[in-house]
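1. My questions are about this predicted structure, shown below with the sequence.
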Amino acid sequence: MALTTDDRIAIADLISLHGHLVDRGDFAGLAALFTEQVVYDVSAFGGGALVGLAAIRDAGTALADANPVAHHVTNIVLRETADGVVHALSKGLGVMADGSTGSVTYDDTVERTAAGWRITHRIVRPRRTPLRD
């Protein structure tokens, strides 16, 4: 089944909402983005794979002022598989309190649930070297 325009908008909004929620510390709001047992893989940053909303909340709370002050997402590309699962690839920019910035790639698995589209798995990879995957 092909993704409809409404599906594409809903998934893009889902991915975009992440920055608004975490930037204001609304970790309870992450239930609107992720499944309860989401795997949020920040291994490339030394944080391992966080499993579940509580683990994401705890990690964000523990970072405290080391969190970015702003998360921006762009370049969202969606690809549906035969089983209806959507793979979303996007770019993220993080702005730190001191004004420095960083770039990441978000690799998301998105599935339709009874509550709507939700991210079931996210891998966050830093972009530190040009011209490399």
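-> Okay, I see it.
2. just the helices in the protein please.
-> In the chain, helices defined by DSSP state H lie at 5-23, 53-63, listed in chain order.
3. Rebuild these as JSON lines, extending it with distance to Arg125, mean neighbour count and mean pLDDT.
-> Just so you know, the C-beta spots here come from the backbone N, C-alpha and C atoms, and that holds for glycine as well. Formatted as JSON lines, the helices of the chain follow (distance: least, C-beta to C-beta, whole Å; neighbours: other C-beta atoms under 10 Å; pLDDT from 0 to 100):
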{"stretch": "helix 5-23", "distance to Arg125": "15", "mean neighbour count": "16", "mean pLDDT": "97"}
{"stretch": "helix 53-63", "distance to Arg125": "17", "mean neighbour count": "15", "mean pLDDT": "96"}
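4. Thr109 is nearest to which of the ones you listed?
-> helix 5-23 (11.3 Å; C-beta to C-beta).
5. Mind giving me the packing neighbours of the closest one?
-> strand 70-80, strand 86-95, strand 101-113, strand 116-127 (3 or more C-beta pairs under 8 Å, 6 or more residues apart in numbering; DSSP states H and E).
6. Out of these, flag the one nearest Ala55.
-> When these are compared by C-beta to C-beta, strand 116-127 sits nearest Ala55, at 12.2 Å.
7. Does anything pack onto the closest one? Which helices or strands?
-> Other helices and strands packing on strand 116-127, by 3+ C-beta pairs under 8 Å, 6+ apart, are helix 5-23, strand 34-41, strand 86-95, strand 101-113.
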